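Chemist: Sequence and predicted model, in that order:
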Amino acid sequence: MSQTILVTGASSGFGLLIANKLHKSGYTVIGTSRNPEKYASKLPFKMIALDLDSAQSIDTLPDRLFKEIAQLDILINNAGFLVNGIAEEIPIELGRQQFETNFWGTIKVTNAVLPYFRKQKSGKIITIGSITGLVAFPSTAYYAASKHALEGYYKALRYELTEFNIRVAMIEPGSFKTNIMENSSTTLNRIEDYNSLRRKSEKYADFIVEQGEDPAMVAAKVLKVVETENPNFRNLVGNGLSVLITLQHFAYGMLEKTILKQLNQA
């Protein structure tokens, strides 16, 4: 029997690539978008409405979802956006919105499906993070902070769900050619002292996008994690990731094994 997978933010970017990859691999895919009617006729998988900034949309998700499917096996948290700009220039309200969507919206969707996963004593939660969830770059302060927050939350959740046979993993993409910059939010507020840094940051961002890798690599990594019974928590994607990130990855792996061993002995 084919597993059923929910992919949030499946109308563009990584989400669309992931949903298409899983569909072509024989999985039953349900994608989400704020406006699914715009994409439903163009996509080979079913789309339903979901707005991560709407409590009502998230609260009603389970009822709407299980009208379409009998069982959910995997949740892929992908939906989110980028607030781009010098930290001091970004209004706090916009920074708060970054967290409302990227962090709190993702957590709320996870909490919406967890009762079903616990009841069936199985499930997998895969969240699309970012290399900026491990390190940060200029003009990504709020985005990096939201991705760091997801790292911490799901690290803890991974331990808490082990006894229910629910697996938790994160995908950490490096630099890829996507439309994330085109869809980013910023501010017109400019502080003159940052003019030089801003120009350098914008030039560096353009370089990173230009040198970005094929985003199909991310979809392939997600498929691999989907097909792995007990995947690693952190799954890096992309060539050229720094030695620092690699060392950090292995250091966390050692720490995780120690914590699990102590929990099992408790």
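Modeler: Received the coordinates, thanks.
Chemist: I'd like the distance from the biggest strand by length in the chain to the chain centre, please.
Modeler: Counting by DSSP state E, the longest strand found in the chain is strand 166-173. Its chain's average C-alpha position is 9 Å from that of strand 166-173, according to Cα atoms, centre = their mean, to the nearest Å.
Chemist: which other helices and strands contact it?
Modeler: helix 106-120, strand 123-128, helix 141-160, helix 216-226, strand 234-237 (3 or more Cβ pairs under 8 Å, 6 or more residues apart in numbering; DSSP states H and E). C-betas here are computed from N, CA, C, even on glycine.
Chemist: So in that sheet, which strands flank the second one, and in what orientation?
Modeler: This points to strand 123-128. strand 74-77 (parallel), strand 166-173 (parallel) (DSSP bridges).
Chemist: So which bits of it are buried?
Modeler: Gly123, Lys124, Ile125, Ile126, Thr127, Ile128 (16 or more other Cβ atoms under 10 Å).
Chemist: and the closest residue to Ala70 other than its chain neighbours, how many neighbours?
Modeler: Among residues not flanking Ala70 along the chain, Thr4 sits closest, at 8.0 Å (Cβ to Cβ, 6 or more residues apart in numbering). Residues lying near Thr4 (other Cβ atoms under 10 Å) number 17.
Chemist: my guess is Thr4 meets Gly26, correct?
Modeler: No - in this structure, Thr4 is not within contact of Gly26 by Cβ atoms under 8 Å, at 11.5 Å.
Chemist: quick one: contacts for Val113?
Modeler: Leu6, Leu61, Pro62, Leu65, Leu72, Leu75, Gly123 (Cβ atoms under 8 Å, 6 or more residues apart in numbering).
Chemist: give me that answer again for 6 Å
Modeler: Contacts here follow Cβ atoms under 6 Å, 6 or more residues apart in numbering; on that basis Val113 touches Leu75.
Chemist: how close does it get to Leu65?
Modeler: 8 Å (Cβ to Cβ, to the nearest Å).
Chemist: re earlier: would you mark the buried spots in whichever helix or strand comes after the longest strand of the chain?
Modeler: Downstream of strand 166-173, the first helix or strand assigned by DSSP states H and E is helix 195-210. Buried residues in helix 195-210, counted by 16+ other Cβ under 10 Å: Arg198, Ser201, Ala205, Val209.
Chemist: Relative to the whole chain's centre, how far out is helix 195-210?
Modeler: Using Cα atoms, centre = their mean, the offset of helix 195-210 from its chain centre is 24 Å.
Chemist: same thing with stretch 2-19?
Modeler: Distance of stretch 2-19 from its chain centroid, counting by Cα atoms, centre = their mean, is 11 Å.
Chemist: which residues touch it?
Modeler: Contacting residues not belonging to stretch 2-19 are listed as 22, 26-33, 39, 45, 69, 72-79, 128, 178-179, 215, 218-219, 222 [Cβ under 6 Å, 6+ apart].
Chemist: on that earlier part again, of the strands paired with strand 123-128, which is nearest Phe137?
Modeler: Smallest distance to Phe137 across the strands paired with strand 123-128 (Cβ to Cβ): 13.9 Å, for strand 166-173.
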